[in-house]
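>>> Give me a 3D structure for the following:
(one chain, ligands or ions: 1)
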Amino acid sequence: MVEIVFDKVWKEYGDAIVLENVSLTLKDHEFLSIVGPSGVGKTTLLRLLLSQEVPTRGEIRIDGQLIAGEPTEDRGVVFQRYSVFPHKTVLGNVMLGPEWRSSAFLGKLYGSRHKALLERAHALLERVGLKDAVDKYPQQLSGGMQQRLAIAQALIMQPKVLLLDEPFGALDPVTRKSMHVLIRELWTERQMTIVMVTHDMGEAFELGTRVIAIDKHRHDPQAPERYGAGIMSDFEAKPRIVRESALFEFNRSKIIPLQTAR
Ligand SMILES: Nc1ncnc2c1ncn2[C@@H]1O[C@H](COP(=O)(O)OP(=O)(O)OP(=O)(O)O)[C@@H](O)[C@H]1O
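A predicted model of the protein is given here:
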């Protein structure tokens, strides 16, 4: 169970106010889409959630606890491009995070722990559609495959919250559609909370259970940095019933029919 609370959060860089008094409560297993004009502070909001930035004022709490001061494994992230390591194979990229977590000194696992991780990595790569590309290097993959790899790399750490910063922005429309299907399935299967920044309204509403638009409430043309952005609109994008029926379908798919089970 994950509840995320932004409580009167401000973010300023010097004299420039980027975010102004943002308050937001995210329920468990929410899929939040964030939209807004370029440069308004969407990525800053994600970076605060990742602990790559700290609020100037206000608090962010996860499950009632003040957010950790530095990035932790329970929050994964996928950027628009190239968050993978070019000199590692697909499999190597996916194994890297857990290997460093378990053995920061050697960066390697041995014996049964290595075998278990290998099995988990192969299963995840099969799940994201990269089963036949495990030995390839990122530059040998299409943009869509690279994003599948970036998603696998984030998911192998089993995050409770997945942050997506324009993850499909560089993909062609057909690949983008297939990525929408994949991310929605993974969101349902893994019961994660997802927070996604996008410039595409259609994508925001198609995937999100909730969509917020952030923008400046007030604007001073003489000093644009004087006021920051806040939440201008907040929509429940999908009736709860849609979300629950997706979960029902997923659970039903796990029930083995009697004749197959025999
Ligand atoms: N480390 C920093 N130091 C100073 N200013 C910063 C820093 N990081 C971001 N900003 C400023 O904060 C504002 C918001 O940036 P941010 O990247 O969050 O916008 P965005 O809404 O994600 O934009 P885009 O849609 O173009 O990606 C911008 O004016 C940017 O210049």
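
>>> residues of the host helix or strand of Met95 that come out buried?
Taking DSSP states H and E as the criterion, Met95 maps to helix 90-102. The neighbour-count check on helix 90-102 (16 or more other Cβ atoms under 10 Å) flags 90-99 as buried. (C-beta placed from N, C-alpha, C; glycine too.)

>>> do the same with stretch 26-34
26, 29-34.

>>> ok, so of these, who is nearest Glu225?
Of all these, Ile34 has the smallest distance to Glu225: 20.7 Å, by Cβ to Cβ.

>>> can you tell me which two in the buried residues of stretch 26-34 are farthest apart?
His29 and Ile34 (17.1 Å).

>>> Can you spell out which helices and strands pack onto the helix or strand just after the helix holding Met95?
For helix 90-102, the following helix or strand on the C-terminal side (DSSP H and E) is helix 111-127. Counting contacts by 3 or more Cβ pairs under 8 Å, 6 or more residues apart in numbering; DSSP states H and E, helix 111-127 packs against helix 90-102, helix 143-155.

>>> Please narrow the buried residues of stretch 26-34 to those residing in strands.
26, 31-34 (DSSP state E).

>>> contacting residues around stretch 55-68?
1-12, 21-22, 48-49, 51, 74, 161 (Cβ atoms under 8 Å, 6 or more residues apart in numbering).

>>> any bit of it sitting next to the ligand?
No. Judged by Cβ under 6 Å from any ligand atom, stretch 55-68 makes no contact with the ligand; its nearest approach is 11.8 Å.

>>> quick one: average pLDDT of that stretch?
For stretch 55-68, mean pLDDT rounds to 95.

>>> Show the end-to-end separation of that stretch, please.
Using Cα to Cα, to the nearest Å, the end-to-end distance of stretch 55-68 comes to 12 Å.

>>> Could I get the buried residue list for that stretch?
Applying 16+ other Cβ under 10 Å to stretch 55-68 flags 55, 58, 60, 62, 67 as buried.

>>> just those now: which is nearest Val128?
Ile62 (26.0 Å).
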